[in-house]
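J.: need a structure here:
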Amino acid sequence: MYWLLKGNMINPLLFLTQCILWSVGGWLLSSVYFSIKKNRLLAGISLGLSMHLVFSNLLIRIIPAGTGFWASAVLILVLGAAAAFLERESLPRPSISEFQSIFWLLVFTFMISLIGRGVSIFDDRKNLSLISIMAAGDIPPHFYMNPESLFSYHYGFQMIGANLMRTGGFFPWSAFDLSKGFTAALAILMCYTWAESFLESRSWGLRAAFLFTFAAGSRWLLLLVPQSLLIKASEQISLWGNNALSGETLFEALTSPWVLQGGPPFPIPFVFNSGVFPPFILSTQAGPRSLGCVTMFLALLLIPRLKNWQGAGLLALIFALWALAAEAAFGLILIGFVLYTLLIWTGLAKNTSRKLWYLLLLAFVLGGLLSLFQGGTFTEIAKDLFLKNASPETVNTGSLPFTLRSTPAIVSSHLGELSITSPLQFLVGLCEIGVALLMIPLVLWNLKKWLKNGDPAPTIYALSSLTGILLPLFLAYDVDRDITRLSTYAMTGFVLLSLPVLKTWTRLIKKHTALAVVSSWTGFLCLGGVVIFGSLLTAVPAATFGDEIAPLDAAMTRELWDQLDPGALVLDSHEWRSVVVTGRLIKSSQSSFTRLQEWRELVETADPAAFAQAGYSYVYMDDSWWHHLTEEERSAMDAPCVDLVLRKTDNCANCGRSLFDIRTCGTD
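T.: Below is the predicted model:
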């Protein structure tokens, strides 16, 4: 009941076949147009995945979802085979070490997916709903709680789950967990692949992958602050959102578990988390950051290897997916390229290859233009800016919703604005960022070398990271906690880009001293991530369908998903549950946190004629809703126009689910 929606292994094997098609196509294209010496299979899988998601996103607008996913995979294979034939390239044979990397990809995928099976954190309602409706063909997706609005969201990651559900025959929750596991595992291994090439060392590539996975802020350093100062600092800080459930004050929360709905059995200690620089191992349970990192490391790997316009075209597709999966990070890398271009024009980057710059410009322009038309956040912002009267309206966006802060501040998604003009708040903010802040001077030192050598990839990454740490200091966002994505991107960049200096230092000073320095820094940097990983591991034996999804809903999903009329609306007393179960939308909300009064009235009155007149075709009713109806309302639900399509029961509280067909109600 947890894994397979269709209860057989045919669909998973078909999905695996589809993955092989786009992986082989990606490997052929990467081998022909980019000279990658090691881990070519991982690079090929990443390139194939990027192309597959971009092509599928476009094709499914004109053909059914299942056909679109297959057509995309076949197209990538054909393009790869054609490139290999036309270029007459002698393709390198994969080595044993490359197949070992595939083994680790499977191991990491399995481990992270099992953790995901045991937790339901980070907007399960949004992820499960999007996966369900997108698998049913709603791409680009409408707002899952209102069909009259498109959804401004980075839905590139959810397309993987949608394909797992449509082609692989998985449930929405198992598709979500598998897609989290696969993208996170691929991100970690692509970090290793890029770092091994960048640092020219396998051991340092492994260090980079470890740091990428576990590096985090150092909120736990506040435990070393004198208690009197910590109490005074707590009086100046208000915990944001659900973080206030961990304690009335920061001082109290530091010795409490992080209260998180659907969290692991052994709670994550609040003191080891960070609202500015959370560890990637925690973000593996979200998804978009993982896919964004896959595209980032793939782009960093391929940029120095750009040889012709074909490679630039492939890089443009990677950028397009990056924009569709993690628009904040792509926006930063785009700013980094603009700053790099300005440095070239001012003569500070004299040794840059003009050909490489032109190819990069082509890739960024094509990828940026595609991001304005493919759907997602950038597309909806562009429509809002240039087509203000366009219909349907968009949920979750506005016209560049940034404002200047009254005073510069470090923003924590847990602790709010921490003003740098307040010594105590500034101290807390520095601990939120952690010891990774010490790496900024090293990156600036390296930046001079990269500019001198005309090395665009690390230069653009460094400039984008500097932008990412500066912008949140001065700009506020409509949902200000989301601006911390820029800080997270920046701190990850500082950690990874500082490694060349650390590698050089280990050669210049005594071995034991170097080992002690690097090990101590790594311990300070990764302590929070390792502790959080330990908490997450306790979720492996557990299993949950998702936040507010009961076993009986899973049974109904097996019978009802994508079986109702296309475009039909399903009414439920729960704002989004029926969307996951049926793959059809509901009109319950104006925004993610604002419910519609007309929906509330429909649920309270329970009149099938009113349901039909409001545009609904079906009603998904649990026993709790049924028991709250009056006798008159129950009689109305027994009217001749109401047809009971399916009912399932169980021996637990509220374990009765019914689907009613009301399409003929309210008609003369």
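J.: neighbours of the residue nearest to residue 323 when sequence neighbours are not counted, just the number please.
T.: Spatially, and ignoring its direct neighbours in sequence, residue 323 is nearest to residue 371 (3.6 Å; C-beta to C-beta, 6 or more residues apart in numbering). C-beta coordinates here come from the backbone N, C-alpha and C atoms, glycine included. Other residues within reach of residue 371, judged by other C-beta atoms under 10 Å, total 26.
J.: In contact with residue 371, which residues?
T.: Applying C-beta atoms under 8 Å, 6 or more residues apart in numbering to residue 371 gives the contacts 319-320, 323-324, 327, 330, 378-379.
J.: mind listing which of the residues you listed are in helices?
T.: Secondary structure defined by DSSP state H assigns 319-320, 323-324, 327, 330, 378-379 of the contacts of residue 371 to helices.
J.: Quick one: end-to-end distance for stretch 115-133.
T.: As for stretch 115-133, its first-to-last residue distance stands at 25 Å under the measure C-alpha to C-alpha, to the nearest Å.
J.: Which positions in that stretch come out as buried?
T.: Burial within stretch 115-133, assessed by neighbour count using 16 or more other C-beta atoms under 10 Å, is assigned to 115-122, 124-133.
J.: just to revisit the earlier point, and the residue nearest to residue 323, how far from residue 321?
T.: Between residue 371 and residue 321 the distance is 9 Å, computed by C-beta to C-beta, to the nearest Å.
J.: can you check residue 514 too?
T.: The span separating residue 514 from residue 321 equals 39 Å under the rule C-beta to C-beta.
J.: higher neighbour count, these two?
T.: residue 321 (31 against 16).
J.: Same list (the contacts of residue 371) but as a markdown table, adding pLDDT, distance to residue 297 and neighbour count.
T.: Compiled in a markdown table, the contacts of residue 371 are given as follows (pLDDT from 0 to 100; distance: C-beta to C-beta, whole Å; neighbours: other C-beta atoms under 10 Å):
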| residue | pLDDT | distance to residue 297 | neighbour count |
| --- | --- | --- | --- |
| 319 | 98 | 13 | 26 |
| 320 | 97 | 17 | 31 |
| 323 | 96 | 16 | 30 |
| 324 | 96 | 17 | 32 |
| 327 | 93 | 18 | 23 |
| 330 | 97 | 14 | 29 |
| 378 | 89 | 21 | 23 |
| 379 | 89 | 25 | 22 |
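J.: need these in CSV with distance to residue 579, can you?
T.: As requested, those are arranged in CSV below (distance: C-beta to C-beta, whole Å):
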residue, distance to residue 579
319, 31
320, 27
323, 26
324, 21
327, 24
330, 28
378, 25
379, 22
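J.: for those, which one is nearest residue 109?
T.: If you rank those by distance to residue 109 using C-beta to C-beta, residue 324 comes first, at 21.7 Å.
J.: Next one: the residue lying closest to that closest one once chain neighbours are set aside, what pLDDT does it get?
T.: For residue 324, ignoring the flanking residues on the chain, the nearest one in space by C-beta to C-beta, 6+ apart is residue 156 at 3.6 Å. What the model reports for residue 156 is a pLDDT of 96.
J.: measure the residue nearest to the spatial centre of the chain to residue 296 for me?
T.: If you average the C-alpha coordinates of the chain and look for the closest C-alpha using C-alpha atoms, centre = their mean, you land on residue 288, 0.9 Å from that point. The spacing between residue 288 and residue 296, counted by C-beta to C-beta, is 12 Å.
J.: Please apply the same query to residue 513.
T.: The separation that residue 513 has from residue 296, given C-beta to C-beta, amounts to 33 Å.
J.: quick one: which of the two has more around it?
T.: Higher neighbour count among residue 513 and residue 296: residue 296, with 28 against 11, using other C-beta under 10 Å.
J.: For whichever strand or helix holds that one, give the mean pLDDT please.
T.: With the criterion set as DSSP states H and E, the secondary-structure element containing residue 296 is helix 288-302. The predicted model gives helix 288-302 an average pLDDT of 97.
J.: got the buried residues for it?
T.: Neighbour-count burial for helix 288-302 [16+ other C-beta under 10 Å]: 288-302.
J.: Could you do stretch 25-41 as well?
T.: Applying a neighbour-count criterion of 16+ other C-beta under 10 Å, one finds 25-34, 36, 38-41 buried in stretch 25-41.
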